[in-house]
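Q: Structure of the sequence below:
(chains A and B)
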Amino acid sequence: MSVKTHPFFIWPGSLLWLLPTAAAVLLFWRSGDVGSVWWYLLVPTFVALALIDLFTTIWFGITTLCLLFVYCSIGSSGIPISFAIWEPQTWVNIRETMEMTEFEWFHWWPFKWLIAVLCLNMSIVTIRRIPLNALTLGVWTIHGGVIVMVIGCVVYFAKKVEGDVVISRCQVEITMPNQETISMVATPANSVRVGDWSYTISDLNPSWELMSGDDAGKKAYAVSISVRGPEDVHFIRQLILGYPEYTEDVVSTGDTSQPMARAKNVLGTPLVDDSIDITLVPDAKDRFFVTQSAAIYMREISRSGEPISNWVERPIENLPRFNDHIPTLNDVWGAPSTSLRPQPLSLNLEPVNKNDPLQQDAVVTGYLRYAFSGTRIVAGEELFPVVWVTLRKSDGTEQAVEMYAFDKSLNTADATLMSFRWLEDVEELSVLQKNLKPSILCTVDGEEYVIPVTNSETFSQIGETGFAYKIKSVQNNLHISGIVVSLAQVEIKKGDVQWERWVFDNPAMNRDVIEGVEHDTNKAKLIDDTISMRYSSGGAPITIIGGLEGGTYGLLMGIGDDDPQYHNMVVGETINLTDEVTITLSRAEPKTKNETRPTVVPPAQRDPSASNFYSMVKLAIPTTTGAATSWLSFHQYPFESQKDTVRRFRFEPTVMHLPDGRAFEVLFSRRSAELPVPIALDSFEIDSHIGGFSGRTPSVLNWRSLIRFMGEEEVEAAVSVNDPKTYGNYWFFQSQWDPPDSSSAGLNYTVLGVGNRFGVFPMLFGCCITVAGMIWAFYVKPMIKRKRQQAVYERPAA
Amino acid sequence: MIKITTIIFLFVMTGFSFASQPITFEEQVDMKPWGDQVAVFTEGRVKSYETFARSFMPYIMGSKKYNGQSATFTYFDMMLRPDRYADKDFIFVKHKGLRASIATELDTFNPELKDRLARFMKTGLISRELLQTQLVQSLLTRLRRDNRRFASPIEVIDSAIGASDPRNLWASLKIVPPSSGSAGDPWNTLDTLENKEIVDTWQRMVIAWQAGDAQTTNVELATLSTLIPALGAGTEAYPKAGKLKLESMYFRLGNLTWVWLVYLASVVLLLMALVYRFETVGRVGTTIFVLAVLLHTLAVVWRWYVSGRYPNTNMFEAITTSAWMGGLFAILMEFYLRKTSMKYLLPLGGAITAMVALLAVRLYPLELNPHISNKMPVLHDVWLYIHVNFIIFAYCLIFVASVTAFFYLVRRGIQKTKGIDGVKDFAKAGGVASLVEKRKGGGSALANNMGAVLDGATMILVELSFILLWAGIVMGAIWADHSWGRPWGWDPKEVFALNTFLVFVVLIHARMKVKDKGLWTAWLALLGCAVMLFNWIIINFTISGLHSYA
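A: Below is the predicted model:
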């Protein structure tokens, strides 16, 4: 009780504690340790002692609890901006606006202060106001348990490291005479070259059934490698993981009924060439990748693109996660509805060690949460005309079309409907107009006649020649034997004779239809060769014309039987093509170039579950003659090379060229951390529900990775859902798997979660004694009290 | 005369028999033998056809029925007579904003659809053909870009269109058990079956169905209902006939969620007993409540049997099992408290809680899906049973506490209108302590004051839920530690469970300090319940996290 009465522990004497408070703040500030564990142990304690009377009140504790409630709510659900709390858009995520993950929000100084204050309040109230006895044992235990739990949490969260590692079933190791051994990860279609030979993984079967000897009926992981060498050597080598004795080749037989057969049966030996040694070795991984971290990986490459240094990891500290940071508006493409504003970053990345190939700072100058690389046409220096038009139907549907005049494959939207022509000479316009409609050029006795292609039901005379014609049908742009031809089927009549002629745009192909004679055997046979014909399919009925005087545009319209009409076209104006359809020239650029920039996806279009999977950073490497810059896409894992990349993940390093001629491959990914020992995946198993494994998740009962810790003494372990395994200071969890899809039977790799868990036992101990304290306070205490009362009642009676 | 009477009698009888005979094909077809006896394999489970059809059709038409037809009939009919469904409104669009967008788009260019679109706005049902028009498809493509609001509802529409395709209906009807009889081997459709008798019977049934010949259809269906189960009879792959039948019956009886009506009856009587002190009414009310809990127990045990696992792995099961726990708790407590002034109070609270819970699952079958599916792999752990049951029991008690707290506030409100100050209406010794005193001769804690009784009941429930919730959170941490690799990850569901607990921490401490203990206790108990419901509803459905499956 002396504590209560000592002048240092009552107002105003307690204010003397402000002196050590000030001293501690000063010391911590000067030493740069503000925010350290000792800071939160000492400074709040001195503050509490200075304000000890306040910290002795329950109301102060209640207020702290209320603040804690509000803090937790804001960090977790956000703040509602309307009463429609069931609508996702009602909730504004303050935490993400402030660039904090949940982990960071609940490690921010206000939270730490609230917890420190709550613990001090609990301790002071308990010590000063609650005498320890049988009746108050519950309260003491509860408060004590909470404080022990908080200490456990401090240790746990201070030391927490969490991440994951992807491990494949195996690596394929290829050794050839006089060649360096080369390896690639076993993933569908992976491929390497060794000298003149190429090795491609043609098939992976996770449940290959063995047929031989004692192993018959067992299932194993089988890898088929297509081997191609000089002089058309080709065979497939089949390897079975764990059973090298069953390695054999399959060769082509030339027999269509059985195109491939075992080399053993065809050549009498299981291997076509036993100097080619292919083996399956463990894909042992010695590092994992830390959750919610960021790093740039870089290596120097030669002019020919060959790496000349190893990858080096440069961690990025304080990289934003949720909000875009754009250096300038010209750095990105934005959606029309997105309002972007420049907000550059400047995060310096220093060389990490003497092996760093760059040996100078690099700077992260931009971050995009959700973007993809997009190429758009912008104004340029060279003539490369492009138009954008929009067709609208009266029912509201519309179609946007982009046409490039000088690109033959892209200068029409539909060869029979619309095209974009750039005129070299204005005179070309009248020629185009004249030839826009389809026609047939007839020559009779050296005289030429241009006859229109119309839908007439009756025969029309061809001049005074005595010939008459009727168009039966027209077929344009037919692909025949690799060439494109157009054809008009014309009925011709002269006197009483009437026949059908197929008139092509190439007259050498013309032929008459003669009853009982096959066309193929009667090439170019004509009933009457005094009349020759050539079909001209004309231009597209909607032809947009550029290159006119004054940089204007025009539209040649040849729809229906009317003569082609010409209209001036102005950007933004709409022209009626028919009663139903209109055309609008949305944009036109004569001089253009392609430019690739990140396209920022508007927030509403982002998949919330994608996290930062589609994020990008802009990296700048400053030099004396200007900075080399590039946007880098996020990689879930920084694989060493393409041949080490597991399916579903990418390996797309960006090459950055420096003015001094050096070039670097750079890659944006996560920070790595060392595993206690390398880990290999021996097997991956699936337990299924009734009906067996269908390839879909609902049929899965459990996933199990059979892994091997490859320390001095190898340890095997089965990691499955809810059944992690420990090695060193880490637990290893079953995290993700490789589900089957159309390109693979899957089960080629596993992803293990990796995490440490210091402080968990104090946390749990604290929680458990808290529960015991609650039971005591609510259930045991009333009975003790009641017994004591009973004893008082019974005493006079005794 | 006798003749005339006989003729009239016969005429009347015939008339009646004509009137009572089904007139349409769908009414005449008897799907019951097929529904009860034939097992269908779907997503790693084997169900009776009736259960399968009932769980499948909501993917297409939500909780609606097409022309009043049963799901079992509609599935077959859509598969065998697809023309009948051409341009008919049966695809359910749940999202009202999406409905409005589609209707507006169609209405602008097709004014003749006005009435149909008005019906669509009301019922949410629209035809596949209208959804597949270029107009709607380009609208959906545009809206899909609004990922947060529309991507998921549009995906539901796409899967409904896909699901209603007769080819998909056929491919989903995996009714042929593996010939090996092994539970690990796949099931197939009739395509792969070489049993001529079954194939011929099926073809006869299809022809009869397409011709609208109900009599032949029924005969062939009945034959198939015997022949197909015989393929798997006695094997581990095929469920027992009795189990299939019970499963169908369980769903036919609406998962017994109608028991809410029995709870309602007990609520009315118990409320009268509590307010007017009608002893007989109270006893009848308690008896009906016990009956309701027994029926509820039957529903839980029934589901347990047909699903082959304790029902606590989805929202439907969490809510119904939680309410059932509350019912059992109320009966136990009533037995203990039957001679105190707290009698009838906890059965009333339990009945209201269970009634609300069962009504909720009945009214929101799409959100609180009653269909039985396999547990996710992560849920195969003993801590599922420990952690989840502690939490849902705590949540149930928090709801019951909010009921007694609400009654307390109503009483204080009435007293206020009468000018009576109720500040002293609280249990003098808190929750359990008040009971200990009351039963063992102390007698002063409740003092036969209704306010003190209501406050005491609230505190009994708060104290127990306080411990259960904390213990449940701790157990969740133990599970998360070995399941997700960390005991606590600040997941929204975790945070709001902690927030609920914080409200009760404030309640217990504030009760020590405030003068008007009863009033503060009641308001904070209501706030705790609101936070708990926020966690269960808004966090689950709006702000998703790792716990989104329950």
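
Q: Can you tell me which helices and strands the one helix or strand residue A:174 maps to packs against?
A: According to DSSP states H and E, residue A:174 maps onto strand A:171-175. If you count contacts as 3 or more Cβ pairs under 8 Å, 6 or more residues apart in numbering or on different chains; DSSP states H and E, strand A:171-175 packs onto strand A:182-185, strand A:197-209, strand A:277-281. Every residue, glycine included, has its C-beta placed from N, CA and C.

Q: Not counting the longest one itself, show me its contacts.
A: Contacts with strand A:197-209, where a contact means Cβ atoms under 8 Å, 6 or more residues apart in numbering or on different chains, come from A:169, A:172, A:174, A:176, A:184, A:186-193, A:217-230, A:236, A:240, A:276, A:278, A:684, A:744-748.

Q: Next: the last one.
A: When contacts are defined by Cβ under 8 Å, 6+ apart, strand A:277-281 is touched by residues A:170-176, A:183, A:186, A:199, A:223, A:225, A:237, A:239, A:241, A:244, A:247.

Q: Adjacent strands (with direction) for the strand holding residue A:174?
A: strand A:182-185 (antiparallel), strand A:277-281 (antiparallel) (DSSP bridges).

Q: residues near the nearest residue to residue B:449 once chain neighbours are set aside, how many?
A: Leaving aside its chain neighbours, residue B:449 sits nearest to residue B:425 (5.8 Å; criterion: Cβ to Cβ, 6 or more residues apart in numbering or on different chains). Neighbour count of residue B:425, defined by other Cβ atoms under 10 Å in any protein chain shown: 23.

Q: Next up, the contacts around residue B:425.
A: B:408, B:411-412, B:415, B:449-452, B:455, B:518.

Q: redo that, cut-off 7 Å
A: B:449, B:451-452, B:455, B:518 (Cβ atoms under 7 Å, 6 or more residues apart in numbering or on different chains).

Q: Just among the residues you listed, which is most surrounded?
A: Of the contacts of residue B:425, with other Cβ under 10 Å as the count, residue B:455 tops at 31 neighbours.

Q: In the chain, where is pLDDT below threshold?
A: Reading this off chain A. Residues of chain A meeting the criterion pLDDT under 70: A:1-5, A:336-338, A:409, A:411-416, A:514-525, A:560-561, A:796-798.

Q: Actually, chain B is the one I wanted.
A: Per-residue confidence for chain B (pLDDT under 70) gives these ranges: B:1-22, B:437-447, B:545-550.

Q: which residues in it form strands?
A: Applying DSSP state E to chain B gives strands spanning B:39-42, B:45-48, B:89-92, B:125-127.

Q: Including mean neighbour count and distance to chain A, could these go into a markdown table?
A: Formatted as a markdown table, those follow (neighbours: other Cβ atoms under 10 Å in any protein chain shown; distance: least, Cβ to the nearest Cβ, whole Å):
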| stretch | mean neighbour count | distance to chain A |
| --- | --- | --- |
| strand B:39-42 | 23 | 5 |
| strand B:45-48 | 26 | 6 |
| strand B:89-92 | 22 | 19 |
| strand B:125-127 | 21 | 18 |
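
Q: So which of those strands is nearest residue A:704?
A: Closest to residue A:704 of the strands of chain B is strand B:45-48 (Cβ to Cβ; 21.5 Å).

Q: Off-centre distance for the closest one?
A: Put simply, strand B:45-48 sits 19 Å off its chain's centre (Cα atoms, centre = their mean, to the nearest Å).

Q: So which of the contacts of strand A:197-209 sit within strands?
A: Per DSSP E, the contacts of strand A:197-209 map to strands at A:172, A:174, A:184, A:191-193, A:219-229, A:236, A:240, A:278, A:684.

Q: what does the biggest strand by length in chain A rub up against?
A: The longest strand of chain A (DSSP E) is strand A:371-393. By Cβ under 7 Å, 6+ apart, the residues outside strand A:371-393 that reach it are A:332-333, A:398-406, A:420, A:422, A:544, A:546, A:580-601, A:614, A:616, A:633.

Q: Tell me which of those fall in strands.
A: Counting by DSSP E, the contacts of strand A:371-393 place A:333, A:398-404, A:420, A:422, A:544, A:546, A:581-600, A:616, A:633 in strands.

Q: Mark which of these are buried, thanks.
A: Buried members of the ones in strands among the contacts of strand A:371-393, counted by 16 or more other Cβ atoms under 10 Å in any protein chain shown: A:333, A:401, A:403-404, A:420, A:422, A:544, A:546, A:581-585, A:588-590, A:592, A:597-600, A:616, A:633.
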